[in-house]
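1. Below are the sequence and a predicted model; questions follow.
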Amino acid sequence: MSPDHEAAPFAAPELLLVPDHLMLRDGPATDHAVHIADGRFADIGPAELLAARHPRLVPQRLPGRLLMPGMIDAHHHLTQSFGKSLAYGEPSEIFRRVWVPLESSLDDEFVYLATKLAALESLRGGFTTVCDAGTRAPGDIGAMARALHETGLRCVLGLICNDGGNESSDAERRTLKAQAERFLARWQGDALVHPSLAISVPEAASDEMLTTVSALCAEAGTVFQTHVNEHLASVERSVVARGRRPLELLAQLGALGPQVLIAHGTLVTPPELMLLRDTDTAVSYNPVASQWKGNAVAPAHLMAALGIRFGLGTDATRSDGFRLMDAAEAAQKIAFGLAVGDASSGGGWTWFDHATHEGARAAGLGARTGEIAVGKAADFLLVDVDTPEMCTSVDLTWDLVRLGNRDQIEAVFVAGRLRLWKGWPTDWDARALQRQLARTAQAAIARAPIVRLHPTAAEHRRQVAR
């Protein structure tokens, strides 16, 4: 049976799906079905009842399959993803030496191609929504939106509003504010692109710009994104320049709140944790970024206990939702759990929840996506759990966190529409995109004034041998 023929039944405008397992908010259920219509979950319940309520639909039985919410990547850099291997072995704060020079050299066509490839990677990894923290590439951010629409990935898309700090002029601030307002108005109400405003790090903006951007997002009901307390160097620069740590500065300015999503938050003091909790500010916990290039691990399990909203983010490292959940649990256990004898370190479900509905809440989309619930967008995965690793499972949720694999994802749906079947799109040529981007990526990297400090693995081996 050809892949197109296998996927054809899922192209219907209405679906009545009956998987072996349905992952609801409080855990997996059996003998349940979902009715999907107009891009949303229209009905959910016991399979027999749904079949009776919708007699005109033929139930599609899915033996050995789990239907689960699509995962949420709460922190991404879509136009950096193609250069992810540039970060290997590099010390922290590579944005100065790698990401700013790289993105600044990209034209609109390359931004479009890079975003489309990153979106494909995200969908292949089980993410149906990503939260992009903004690109520094010049030109129209519409190139990114076009790629997102073509791939079908839901995105909280950030527009960077850096004005350079308190030395910026009134004219610069007015121009940036006007751009921000136009951006929010342009994409408000879009089906897949949800506009957001971003400031790279608090030190990259004036006090006035920080408060203005935060207020604009609060008024528009969208998210203000900024990297906060990620590296020691940035914390110390903030103390020297502004007399406050980055999170303290935002609090002093009144720029924290439920509209704010801070990235990383790895270096947070007990009083800063209280600030996050008391202002209902959200965090993206990025464990793979901590492994690859961080100074610390965010105390995410403590954040969960305190009721601080957070989601899991890749930070453009690897777009694999199952490996991200595994990293989230493992980083907490190694950094915090081992020292106090916490063998559970979240019980598995903590990391599943924060990869799905809690991640959606952190990204400002909790009312729209993140769970299998009536009225929510039908953003979901069909996962093959009829595998040797899971056939004897006694804890499916924890198995997904520790044993789940991207290769088990059979289908990815966003807004009720099939976007990927067995890892590949059904309506556009992903391999042609790979070939096109592969031809141009090396040239883009070569012309950017990137400064890398660590050699490739092969060169490092030769140096060690010498």
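-> Perfect, I can see it now. Numbers count the residues shown, from 1 in each chain.

2. What sits closest to G375 if chain neighbours are left out?
-> Closest residue to G375 apart from its sequence neighbours, by C-beta to C-beta, 6 or more residues apart in numbering: R40 at 6.2 Å. The C-beta positions use only the backbone N, C-alpha and C, and glycine is treated the same way.

3. Now for the one you found: which residues touch it?
-> Shown in contact with R40 (C-beta atoms under 8 Å, 6 or more residues apart in numbering): G375, K376, A377, A378, A415, G416.

4. what about the second one, neighbour count?
-> What it means is K376. Per other C-beta atoms under 10 Å, the neighbour tally for K376 reads 21.

5. Hmm, it is touching L365, no?
-> No - judged on C-beta atoms under 8 Å, K376 makes no contact with L365 at a distance of 9.7 Å.

6. Just the ones in helices from the contacts of R40, please.
-> Assignment to helices by DSSP state H places none of these there.

7. So if we follow the domain assignment, how does the protein break up?
-> Annotated domains of the chain cover 3-68+377-421, 71-362 [automatic domain parsing].

8. For ChimeraX, what selects the buried ones among the contacts of R40?
-> This is the ChimeraX syntax for the buried subset of those, where burial follows 16 or more other C-beta atoms under 10 Å:
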select :376,377,378,415,416
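
9. need the helices for the stretch 51-200 of the chain, in chain order.
-> With DSSP state H, counting those that start in this stretch as the criterion, the stretch 51-200 of the chain has helices at 100-104, 108-124, 142-151, 170-187.

10. out of those, which comes closest to G337?
-> helix 108-124 (28.8 Å; C-beta to C-beta).

11. burial measure for D280, as a count.
-> For D280, the tally of surrounding residues (other C-beta under 10 Å) stands at 14.

12. So for it, what's the nearest residue that isn't a sequence neighbour?
-> For D280, ignoring the flanking residues on the chain, the nearest one in space by C-beta to C-beta, 6+ apart is P258 at 4.3 Å.

13. The one you found should be in a strand, yeah?
-> No - applying DSSP: H, G, I helix; E, B strand; the rest coil, one finds P258 to be coil, outside a strand.

14. From the chain's centroid, how far away is stretch 380-397?
-> The chain centre lies 23 Å from the centre of stretch 380-397; the measure is C-alpha atoms, centre = their mean, to the nearest Å.

15. what's the most buried one of the domains of the chain?
-> For the domains of the chain, the largest average neighbour count (mean count of other C-beta atoms under 10 Å) is found in domain 71-362, namely a mean of 21.

16. So, low pLDDT: which residues of this structure?
-> Low-confidence segments of the chain (pLDDT under 70): 1-3.

17. can you rerun that using 50?
-> For the chain, the stretches flagged by pLDDT under 50 are 1-2.

18. one step back: surely the residue nearest to D280 touches R277?
-> No - with contact defined as C-beta under 8 Å, P258 does not count as touching R277 (11.8 Å).

19. what residues are up against R323?
-> G125, V288, R406.

20. How much space separates the second one from R419?
-> From V288 across to R419, the span is 24 Å (C-beta to C-beta, to the nearest Å).

21. how near is T356 to D399?
-> Taking C-beta to C-beta, one finds T356 at 15 Å from D399.

22. can you check P46 too?
-> In terms of C-beta to C-beta, P46 sits 24 Å off from D399.

23. Okay, and the beta partners of the residue nearest the centre of the chain?
-> Centroid-nearest residue in the chain: D73, 1.6 Å away (criterion: C-alpha atoms, centre = their mean). Residues in a beta bridge with D73, per DSSP bridges, are V130.

24. Let me see the ranges of the helices in the stretch 201-350 of the chain.
-> Secondary structure of the stretch 201-350 of the chain (DSSP H, counting those that start in this stretch): helices at 207-220, 232-242, 246-252, 270-279, 287-293, 300-306, 321-332, 338-340, 349-355.

25. can you put those in TSV and add distance to I141?
-> Formatted as TSV, the helices of the stretch 201-350 of the chain follow (distance: least, C-beta to C-beta, whole Å):
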stretch	distance to I141
helix 207-220	16
helix 232-242	25
helix 246-252	24
helix 270-279	28
helix 287-293	23
helix 300-306	30
helix 321-332	25
helix 338-340	43
helix 349-355	27
